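Colleague: Pasting the sequence and the predicted coordinates here, then a few questions.
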Amino acid sequence: MNTYPLKSMTVDEAKKFQFKLVDMVTRHFKGSEVLSLGDLGVVMGLNKPRTTLRVEETIADFFGVEKAALVRGAGTGALRSGIMSIFKNGDAILVHKAPIYPTTKITIENMGLKPVEADFNNSYDLSNALKNNDLKGVLIQYTRQKIDDKYDMEECIKTIRKVSPSIPIITDDNYAVMKVKEIGVQLGADVSAFSTFKLLGPEGVGCVIGKRKYIDYIISQNYSGGSQVQGHESMEVLRGMIYAPVMLAIQAEVNNELVHRLNSGEVKGIKSAFLANAQSKVLLVEFKDNIAKEVLKISEELGGAPNPVGAESKYEFVPMIYRVSGTFRAADPTLEERMIRINPMRCGADTIIRILKEALERIEE
């Protein structure tokens with residue numbers, strides 16, 4: 001089985017991201033302000049906490065974009081806000097020919113948008129879809145929706161711009177931010193949306209960045225005091241984003257080690273192991289027999305997390321050992337019987353090897 005996972009940053013590359021973001025913080029905050037939890041409420045003239053505005057400005061400068069906005073609803077809310085800033089009811093939206101992420105699908109359906117599919121793995125098909133449909137924008141999910149997806153974000157955007165230079169492009173950068181060197185807006189998209197909860201930040205906070213006209217629209221739609229991300233939450237967003245790159249790079253190192261060790265036959269009963277973005281970059285383990293559900297049950301007893309909290313949130317430090325993603329199951333329902341996915345989170349390869357060995361030994365008995 002061939003997979004095409006996104007290329008993760010090395011630890012050295014991730015350190016540069018950390019240093020760059022801290023440098024940006026020193027340009028926007030006094031030292032004493034960094035050591036505070038920030039203000040609250042709708043400050044006159046800003047309609048949001050001053051701290052939140054400064055964090056947004058810091059994030060915008062870090063990514064090199066015109067503007068950023070912190071929003072409620074984590075990644076789902078961020079993407080929904082981004083889509084609403086571009087599209088109107090009845091508009092045609094170009095999407096990849098694959099199962100759409102469930103919460104994104106709900107947004108598309110509730111807005112009355114008309115999805116037009118194209119195979120983003122095929123530049124010819126993508127170009128034809130742009131030429132032959134009255135499209136109002138394009139949605140590209142950075143991570144994979146099918147196991148065999150191999151499209152490159154930069155090449156997709158270049159193809160789109162060649163055919164339709166001014167068409168709005170929004171990218172879903174969940175599970176890619178702080179793992180890859182450049183996200184959608186840095187490669188030519190108009191708007192990028194992602195969850196800060198997946199970057200060690202607070203529950204329920206997302207971020208939308210990009211062109212000022214779209215971000216200003218999002219801010220105008222979140223005018224009420226109850227919609228604001230408060231100062232202490234925005235500071236937590238910033239702290240999480242500072243520590244996330246190196247942590248995620250270490251996680252990627254562990255994944256690479258696991259692929260090598262499992263494919264070397266260290267654990268009997270495993271047919272193959274490989275990396276894939278499903279949605280997060282994870283280790284997919286295929287067993288020789290249809291024992292996936294039994295392995296999952298025993299792994300939980302042995303300390304593996306059976307389900308996500310925010311899928312790489314600050315609460316998830318033990319390895320997460322769980323079923324393959326919904327979009328992958330939709331593409332091939334048989335995978336659920338023989339395959340599991342593993343995210344090491346903060347653990348080392350030895351812990352996962354031990355859990356898998358014990359689980360398979362119990363099943364054999």
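Modeller: That came in fine, so what should we check first? Note that the structure is predicted; figures quoted are calculated from it, not measured. Numbering: from 1, shown residues only.
Colleague: all strands of the stretch 151-300 of the chain, in order?
Modeller: In the stretch 151-300 of the chain, the strands defined using DSSP state E, counting those that start in this stretch lie at 169-172, 191-195, 205-210, 270-277, 281-287.
Colleague: next SSE after the worst-scoring helix or strand of the chain on mean pLDDT?
Modeller: Across the helices and strands of the chain, mean confidence by mean pLDDT, DSSP states H and E is lowest for helix 326-331: a mean of 72. Using DSSP states H and E, the helix or strand that directly follows helix 326-331 along the chain is helix 335-338.
Colleague: how close does D350 sit to V267?
Modeller: Relative to V267, D350 is positioned 12 Å away (C-beta to C-beta, to the nearest Å). Using the backbone N, CA and C atoms, a C-beta is placed for each residue, glycine as well.
Colleague: which of these two has more neighbours?
Modeller: V267 (21 against 12; other C-beta atoms under 10 Å).
Colleague: Cross-check the contact I'm expecting between the more buried one and K357.
Modeller: Yes: taking contacts as C-beta atoms under 8 Å, V267 lies within contact range of K357: 5.5 Å.
Colleague: hang on, the earlier thing: rebuild the strands of the stretch 151-300 of the chain as a markdown table, extending it with distance to I59, mean neighbour count and mean pLDDT.
Modeller: Shown next, in a markdown table, are the strands of the stretch 151-300 of the chain (distance: least, C-beta to C-beta, whole Å; neighbours: other C-beta atoms under 10 Å; pLDDT from 0 to 100):
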| stretch | distance to I59 | mean neighbour count | mean pLDDT |
| --- | --- | --- | --- |
| strand 169-172 | 16 | 26 | 98 |
| strand 191-195 | 10 | 29 | 98 |
| strand 205-210 | 6 | 28 | 98 |
| strand 270-277 | 23 | 19 | 92 |
| strand 281-287 | 22 | 23 | 93 |
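Colleague: Tabulate these (JSON lines), appending distance to E109.
Modeller: Listed next are the strands of the stretch 151-300 of the chain as JSON lines, based on distance: least, C-beta to C-beta, whole Å:
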{"stretch": "strand 169-172", "distance to E109": "16"}
{"stretch": "strand 191-195", "distance to E109": "18"}
{"stretch": "strand 205-210", "distance to E109": "20"}
{"stretch": "strand 270-277", "distance to E109": "24"}
{"stretch": "strand 281-287", "distance to E109": "28"}
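Colleague: Ok, which of these comes nearest A252?
Modeller: Nearest of the strands of the stretch 151-300 of the chain to A252, taken as C-beta to C-beta: strand 281-287 at 6.8 Å.
Colleague: I'd like to know which elements that closest one is packed against.
Modeller: Judged by 3 or more C-beta pairs under 8 Å, 6 or more residues apart in numbering; DSSP states H and E, strand 281-287 is in contact with helix 231-263, strand 270-277, strand 339-343.
Colleague: out of those, deepest packed?
Modeller: strand 339-343 (a mean of 23; mean count of other C-beta atoms under 10 Å).
Colleague: Let me know the average pLDDT across the helix or strand following that one.
Modeller: Per DSSP H and E, the first helix or strand lying C-terminal to strand 339-343 is helix 349-364. Across helix 349-364, pLDDT averages out at 97.
Colleague: List the buried residues of helix 349-364.
Modeller: 349, 351-353, 355-357, 359-360 (16 or more other C-beta atoms under 10 Å).
Colleague: and what of stretch 293-300?
Modeller: Those would be 295-296, 298-300, for stretch 293-300 by 16+ other C-beta under 10 Å.
Colleague: Would you check how far apart K146 and Q279 are?
Modeller: 11 Å.
Colleague: Looking at those two now, which is surrounded by more residues?
Modeller: Neighbours per residue, other C-beta under 10 Å: of K146 and Q279, the larger number sits with Q279, 23 against 19.
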